[in-house]
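[1] The following block contains a protein sequence and its predicted model.
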Amino acid sequence: MQAQIVLLPGDGIGPEIVEQAVRVLRAVGEKFGHTFAFDAQLLGGASIDACGVPLTDEALAACNAADAVLMGAVGGPKWDGVEPARRPEKGLLALRKGMGVFANLRPCTIHRQLAGACPLRPDILSEPIDILMLRELTGDIYFGKRSRSADRAYATDEMAYSREEVSRLARIGFENAMKRRKRLCSVDKANVLECSRLWRETVQEMAKEYPEVDVTYMYVDNAAMQLILHPAQFDVMITGNLFGDILSDESAAIAGSLGMMPSASLGAGTRGLYEPIHGSAPDIAGKDLANPLGTILSAAMLLRHSLGLEAEAAAIENAVEKVLDAGYRTADIWSEGCTKIGCAQMGEQVAMQI
Ligand code: IPM
Ligand code: MG
């Protein structure tokens with residue numbers, strides 16, 4: 001097949017990790033006979049520097065014309081002083097909104113080779129952990145009205161959800177649960193927040209259509225605790241934008257390293273935005289120290305969800321397992337007895353396995 005993929009390397013370690021994911025995608029293309037055309041666009045601080053805004057209309061249009069978009073990371077201390085409306089992160093939020101990718105899939109599994117990096121006690125890990133965290137991505141307090149009083153001593157951020165926004169996310173949650181272990185946990189703060197009461201009502205209503213799915217409702221504070229105490233109880237978790245942001249970092253820590261975690265953001269069609277869940281790590285940028293596996297695994301999700309290439313996606317995932325089996329580690333996941341390698345070598349190893 002032929003596919004058009006927009007690359008948004010962004011800032012910090014973004015360019016180096018995206019480069020390795022591209023190397024792996026090229027290897028997949030060669031092996032399976034596909035042609036991937038890559039078109040690099042600016043996002044975040046890189047776009048602010050070149051164009052004055054964190055996302056240009058042209059870059060967004062290119063993303064919306066492509067089959068899929070692969071992003072690195074945005075932000076860094078260089079742009080900390082930039083006014084809020086033009087911060088690098090604002091570019092990412094505008095991109096998610098502009099592409100209409102409301103469902104953010106953040107799978108959390110522990111690679112058995114990295115079990116030592118998991119901060120939980122071994123007995124907590126005795127059952128397999130395989131969680132699909134599904135985070136609503138284009139609503140909530142992320143996109144509500146904000147204000148600051150003239151004396152700057154008072155601020156507000158509005159949390160808002162519509163039934164429609166909740167229900168389209170919940171639908172994806174139930175459909176995924178049906179394909180998995182048929183358990184769904186809806187996370188909210190319905191004992192306090194009106195948005196959460198709407199969230200819970202909407203999920204309860206939809207649950208009637210999925211009698212086979214075992215649905216539980218959990219307050220977010222309890223969910224944060226349960227993730228640590230008994231992570232194996234979870235299959236699919238659905239939650240709002242802010243709670244999902246927080247819980248997905250927590251689940252990444254359980255998996256051993258933020259550097260390993262891929263994500264897919266999907267909308268109504270097959271076009272999607274794929275990015276590792278970590279940040280731009282400015283302290284190690286340009287030093288060939290970053291872990292490209294989160295981005296490489298995001299590329300696997302791209303092949304699966306946007307291009308329908310399941311075997312190719314699995315080829316990347318298997319290649320990553322083999323490289324970990326062979327003992328290769330970037331600094332963030334390195335432990336005694338393993339071979340420490342850099343970002344470029346990690347990409348090369350995965351590409352070679354393919
Ligand atoms: C994430 C990040 C972003 C978010 C930031 C960079 C705006 O933390 O993708 O989890 O909060 O969504
Ligand atoms: Mg986050």
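    Received it, and whenever you're ready, just let me know what you need. Predicted, not measured: the structure shown is a model, and the values here were computed from it. Numbering: from 1, shown residues only. Ligands and ions are numbered 1, 2, ... in the order given.

[2] quick one: residue 29 and residue 37 touch, right?
    No - when contacts are counted by CB atoms under 8 Å, residue 29 is not listed as touching residue 37 (10.0 Å). Heads up, the C-betas are built off the backbone N, CA and C, glycines and all.

[3] Quickly note the distance from the residue of the stretch 151-300 of the chain at minimum distance from ligand 1 to residue 319.
    Nearest to ligand 1, among the residues of the stretch 151-300 of the chain, is residue 245, at 4.5 Å (CB to the nearest ligand atom). Relative to residue 319, residue 245 is positioned 29 Å away (CB to CB, to the nearest Å).

[4] Next secondary structure element downstream of the one helix or strand residue 16 maps to?
    Assigned by DSSP states H and E, residue 16 falls within helix 14-32. With elements assigned by DSSP H and E, the helix or strand that comes after helix 14-32 is strand 35-40.

[5] neighbour-wise, which of residue 29 and residue 37 wins?
    Legend: neighbour count by other CB atoms under 10 Å for residue 29 and residue 37, higher for residue 29 (18 against 12).

[6] Leaving out chain neighbours, which residue sits closest to that one?
    residue 36 (5.1 Å; CB to CB, 6 or more residues apart in numbering).

[7] what is the rounded mean pLDDT of stretch 177-196?
    Averaged across stretch 177-196, pLDDT comes to 98.

[8] oh sorry, the question was meant for stretch 40-54
    Stretch 40-54 carries an average pLDDT of 97.

[9] And it, end to end?
    15 Å (CA to CA, to the nearest Å).

[10] burial measure for the nearest residue to residue 136 once chain neighbours are set aside, as a count.
    Residue nearest to residue 136 in three dimensions, not counting chain neighbours: residue 169, with 4.5 Å by CB to CB, 6+ apart. Burial of residue 169 is recorded as 27 neighbouring residues (other CB under 10 Å).

[11] Can you pull the residues of the protein lying near ligand 1?
    89, 92, 245, 277 (CB under 6 Å from any ligand atom).

[12] Out of those residues, which sit inside helices?
    Among the residues of the chain next to ligand 1, the members found in helices (DSSP state H) are 89, 92, 245.

[13] Let me know the closest of those residues to residue 46.
    Nearest to residue 46 among those: residue 92, at 12.1 Å, using CB to CB.

[14] Who has more neighbours out of residue 245 and residue 319?
    Each of residue 245 and residue 319 has its neighbours counted (other CB under 10 Å); residue 319 has more, 21 against 17.

[15] Which secondary structure element is home to that one?
    Element membership of residue 319, judged by DSSP H and E, is helix 310-325.

[16] average pLDDT across that helix?
    Helix 310-325 carries an average pLDDT of 97.

[17] who touches whichever helix or strand comes after it?
    Note on helix 310-325: by DSSP H and E, the next helix or strand toward the C-terminus is strand 328-329. The contact list for strand 328-329 (CB atoms under 8 Å, 6 or more residues apart in numbering) reads 335, 338, 339, 340, 341, 345, 346, 349.

[18] Off-centre distance for whatever helix or strand comes next after strand 328-329?
    Once the chain leaves strand 328-329, the next helix or strand it forms, by DSSP H and E, is strand 339-340. Relative to the centre of its chain, strand 339-340 is centred 26 Å away, using CA atoms, centre = their mean, to the nearest Å.
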